[in-house]
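**Q** Give me coordinates for this.
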Amino acid sequence: MRIDVTLAAATARLSEAGSDSPRLDAELLLGEVMGRERTWFYTWGDRDLESEAGAEGVARFEALLARRAEGHPVAHLLGRREFYGLTLACSPATLIPRPDTEVMVECALELAEATSGKLLDLGTGTGAIALAFARHRPQWQVLGVDLIEEAVQLARGNAERLAIANAEFRQSDWFSAVTESGFALITANPPYLADDDPHLALGDVRFEPRSALVAAEAGLADFLHLIATAPQHLTAGGHLMLEHGLTQGNEVREALRAGGFIDVETLEDLGGRERITLGKLA
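**A** Residues are numbered from 1 along each chain as shown. Predicted coordinates for the structure are as follows:
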């Protein structure tokens, strides 16, 4: 079968299965099997798939396609995800880095006006925020922590593979193993879904660790803990940045102000929705 015909059939199958990006998914999976960039398919789509990929390649593509049709995230099937210009290894042990979180990186880089300083990334997962920031601020020291040891090892592996030497990672339940203070920036994308949130049954979220998604007190418990504890680790004038759910902006803003933070503001994500709230320690 021709490659373009195969991709059209795969796209229709994934669309019927509920994928939000069926053509992209199909091209990424076939590109993985064939070792080709997506643009190659638009030039050589009339070629025979089995002649180019071999029988084993065709079988592997079919297996990947079947798993994607079941809902498994493309990032898990490929074992990687692009984030802020970095290719990060991913696994089911962590959240999949999302484009909306790049807004936090952009803001952190803007706030990092000093030549050097320290940033702490809580619940670092793949190390996405920590590594993206560290790559663009090589004179800063970056520490990323995560409760899950597998996530810590994943972040360390990403740092090593990307040759980012100014970021380190350790296991910690939020601040429990963070003995340092004097951080100019603290970033966090904590769990913020309530236990009965309908989003837990949708899309990629179904395959991500529940511990990284669900928090007590209607999803606000970890925000309240971080806001109460962060001042012990921030410099005067340092910033705490929190990624939250679409309807939690007002509650996070109020909690930050009650916790002694000033200049509290909320940033919108790529879709124009309230996503990241930050405040400065007075």
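**Q** Next up, the contacts around Asn147.
**A** For the record, residue 147 is Leu, not Asn. Contacts for Leu147 were tallied using C-beta atoms under 8 Å, 6 or more residues apart in numbering; they are Gly123, Gln171, Ser172, Asp173, Trp174, Ser211. (Each C-beta comes from the backbone N, C-alpha and C, glycine too.)
**Q** of all those, which comes closest to Arg67?
**A** Ser211 (23.2 Å; C-beta to C-beta).
**Q** quick one: the closest one is in a helix?
**A** Yes. Ser211 forms part of a helix when assessed by DSSP: H, G, I helix; E, B strand; the rest coil.
**Q** returning to what we had before: can you flag the buried ones in the contacts of Leu147?
**A** Gly123, Ser172, Trp174 (16 or more other C-beta atoms under 10 Å).
**Q** Would you check how far apart the second one and Glu70 are?
**A** It stands for Ser172. According to C-beta to C-beta, to the nearest Å, Ser172 stands 34 Å off from Glu70.
**Q** Hmm, Val178 is touching Gly144, no?
**A** No. Counting by C-beta atoms under 8 Å, Val178 stays clear of Gly144, with 10.6 Å between them.
**Q** quick one: contacts of the helix or strand Phe223 falls within?
**A** Following DSSP states H and E, one finds Phe223 within helix 221-229. With contact meaning C-beta under 8 Å, 6+ apart, helix 221-229 is reached by 122, 174-175, 186, 188, 190-192, 215, 217, 240, 242, 244, 248, 251-252, 255-256, 259, 261.
**Q** Can you flag the buried ones in these?
**A** Buried among these (16+ other C-beta under 10 Å): 122, 174-175, 186, 188, 190-192, 215, 240, 242, 244, 248, 251-252, 255-256, 259, 261.
**Q** circling back to that earlier point, the contacts of helix 221-229 in strands, which ones?
**A** Leu122, Ile186, Ala188, Leu240, Leu242, Phe261 (DSSP state E).
**Q** residue ranges for the helices of this protein, please.
**A** 3-17, 22-34, 38-44, 49-69, 74-78, 102-111, 128-136, 149-161, 216-219, 221-229, 249-258 (DSSP state H).
**Q** In TSV: those, plus mean pLDDT and distance to Thr266.
**A** Shown next, in TSV, are the helices of the chain (pLDDT from 0 to 100; distance: least, C-beta to C-beta, whole Å):
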stretch	mean pLDDT	distance to Thr266
helix 3-17	97	35
helix 22-34	97	30
helix 38-44	94	35
helix 49-69	96	34
helix 74-78	96	27
helix 102-111	97	11
helix 128-136	98	18
helix 149-161	98	27
helix 216-219	84	16
helix 221-229	96	13
helix 249-258	97	5
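**Q** Now do the shared contacts for Val178 and Gly144.
**A** Common neighbours of Val178 and Gly144 (C-beta under 8 Å, 6+ apart) are Leu120.
**Q** who's more crowded, these two?
**A** Between Val178 and Gly144, counting by other C-beta atoms under 10 Å, Gly144 is the more crowded of the two (31 against 19).
**Q** circling back to that earlier point, out of the helices of the chain, which is closest to Leu267?
**A** helix 102-111 (5.6 Å).
**Q** Show me what the closest one is packed against.
**A** Packing partners of helix 102-111 (3 or more C-beta pairs under 8 Å, 6 or more residues apart in numbering; DSSP states H and E): helix 128-136, strand 183-188, strand 234-243, strand 261-268, strand 274-281.
**Q** okay, now the domains of the chain?
**A** For the chain, the structural domains run 3-71, 84-281, going by automatic domain parsing.
**Q** now, of those domains, which is deepest in the fold?
**A** Scoring the domains of the chain by mean neighbour count under mean count of other C-beta atoms under 10 Å gives domain 84-281 as the most buried, with a mean of 18.
**Q** mind checking how far it is from the chain centre?
**A** Domain 84-281 sits 9 Å away from the centroid of its parent chain (C-alpha atoms, centre = their mean, to the nearest Å).
**Q** Would you enumerate the residues in contact with the residue nearest to Ala12 when sequence neighbours are not counted?
**A** Nearest residue to Ala12 in three dimensions, chain neighbours excluded: Pro22, at 7.5 Å (C-beta to C-beta, 6 or more residues apart in numbering). Applying C-beta under 8 Å, 6+ apart to Pro22 gives the contacts Ala10, Thr11, Ala12, Arg13, Leu14, Ser15.
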